[in-house]
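**Student:** Prediction below, plus the sequence it came from.
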Amino acid sequence: MNEKTIGNLKSVVEDTFHVNNVRFIQFSINAVFEATLCDVPCIIRLKRKEEESYESIIAELEWIVSLAEEGVPACSPMLIHGNLINELRVDSQVYYCVFFNKALGRKIEQSDLSPTLFRSLGRMMGEMHKISANSNCKRKRKHWFESHFLARDLYQYLPHGNENTIKIASNLISELKSIPAQQTNYGLIHADLHLDNVFIGKSGLSIFDFDNCEYGFYMNDIATAFHDCSFTWRRLVKGKGRSAFFWGRTKRISSFI
């Protein structure tokens, strides 16, 4: 996404919703902005309509609301113009626009890493999984093996010469799919629960970015957090940021596989 498109998105959002202090944060699959609406801090997420169905996004948002109602510190979506999702047309593209309450607190830093933090993170995950296990509501979200990371990206973006890696990954996916999925071990999960998606503050932790939520094994959330805490953060290059660490280690990771 180029600067012109980002600028056009910002202008349309400002004109449509009369928000102030709009600031672009990042773009991956979504364009994400921070703003204030009636002096309330909020996060604005825009996703191209072709990327995901309306029903799937609604399922994500309704699940976040249900978690928040049960006491999980999840950043809830906001009703704007009476809707959880509003459509915007920008540069001949249609976007789904969602507002979220901004997470309380701040980003987690290396100095925050402690047994107390990990226990708090574990309790929060446990509450989320308990709510999923006790819910009889079937929401329209994909299963873990249907995600674009495994169903598309694995085969589309790995360069030539990684056929053995694809074979190993495909065999592992088949093996994991053979594990019996039961209500006690399988349900809706966050699926991207690393510490960049958690804020820390005086009242504890706040969790956000449920965009990848899916049906999967609860162990997936635990494994993601464990990998992030034990592998990424332990070797974080000071001042370079999390993503820089991954790019710097790509060669070694590939050779290990």
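**Tutor:** Nice, thanks for sending it over.
**Student:** For stretch 195-207, what is the distance to the chain centroid?
**Tutor:** How far stretch 195-207 lies from its chain's middle: 14 Å, per Cα atoms, centre = their mean, to the nearest Å.
**Student:** Give me the contact list for it.
**Tutor:** The list of residues contacting stretch 195-207 from outside it, by Cβ atoms under 8 Å, 6 or more residues apart in numbering, reads 72-75, 103-108, 112, 117, 120-121, 124, 190, 193, 208-209, 225, 228-229, 233, 242. Quick note: C-beta positions are derived from backbone N, CA and C, even for glycine.
**Student:** Helices - which of these land there?
**Tutor:** Using DSSP state H, 117, 120, 121, 124, 225, 242 are the members of the contacts of stretch 195-207 that sit in helices.
**Student:** Neighbour-wise, which one of those leads?
**Tutor:** Highest neighbour count within the ones in helices among the contacts of stretch 195-207, by other Cβ atoms under 10 Å: residue 124, with 24 neighbours.
**Student:** residues in contact with that one?
**Tutor:** 72, 73, 205, 207.
**Student:** pLDDT value on it, please?
**Tutor:** pLDDT recorded at residue 124 is 96.
**Student:** how near is it to residue 185?
**Tutor:** From residue 124 across to residue 185, the span is 18 Å (Cβ to Cβ, to the nearest Å).
**Student:** Kindly report the same for residue 71.
**Tutor:** Applying Cβ to Cβ, the value for residue 71 to residue 185 is 23 Å.
**Student:** For the stretch 51-200 of the chain, which segments are assigned as strands?
**Tutor:** Along the stretch 51-200 of the chain, counting by DSSP state E, counting those that start in this stretch, strands occupy 77-78, 86-90, 93-101, 106-107, 186-189, 198-201.
**Student:** Just checking: what are the partner strands of the last one?
**Tutor:** So the one you mean is strand 198-201. Strand pairing for strand 198-201, determined by DSSP bridges: strand 106-107 (antiparallel), strand 204-207 (antiparallel).
**Student:** Neighbour count: residue 71 and residue 185, which is higher?
**Tutor:** Using other Cβ under 10 Å as the criterion, residue 71 and residue 185 rank with residue 185 on top: 14 against 10.
**Student:** which ones are touching the more buried one?
**Tutor:** Shown in contact with residue 185 (Cβ under 8 Å, 6+ apart): 217, 218, 219.
**Student:** The second one: how many residues sit nearby?
**Tutor:** When counting by other Cβ under 10 Å, one arrives at 20 neighbours for residue 218.
**Student:** Over to the one 5 residues further on?
**Tutor:** For residue 223, the number of neighbouring residues by other Cβ under 10 Å comes to 12.
**Student:** Please apply the same query to residue 100.
**Tutor:** Neighbourhood size, residue 100 [other Cβ under 10 Å]: 20.
**Student:** List the buried residues for stretch 17-26?
**Tutor:** By neighbour count on 16 or more other Cβ atoms under 10 Å, the buried set for stretch 17-26 is 17, 19, 22, 24.
**Student:** As a markdown table, these with distance to residue 82 and pLDDT would be great.
**Tutor:** What follows is the buried residues of stretch 17-26, written out as a markdown table (distance: Cβ to Cβ, whole Å; pLDDT from 0 to 100):
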| residue | distance to residue 82 | pLDDT |
| --- | --- | --- |
| 17 | 13 | 97 |
| 19 | 17 | 97 |
| 22 | 22 | 97 |
| 24 | 26 | 97 |
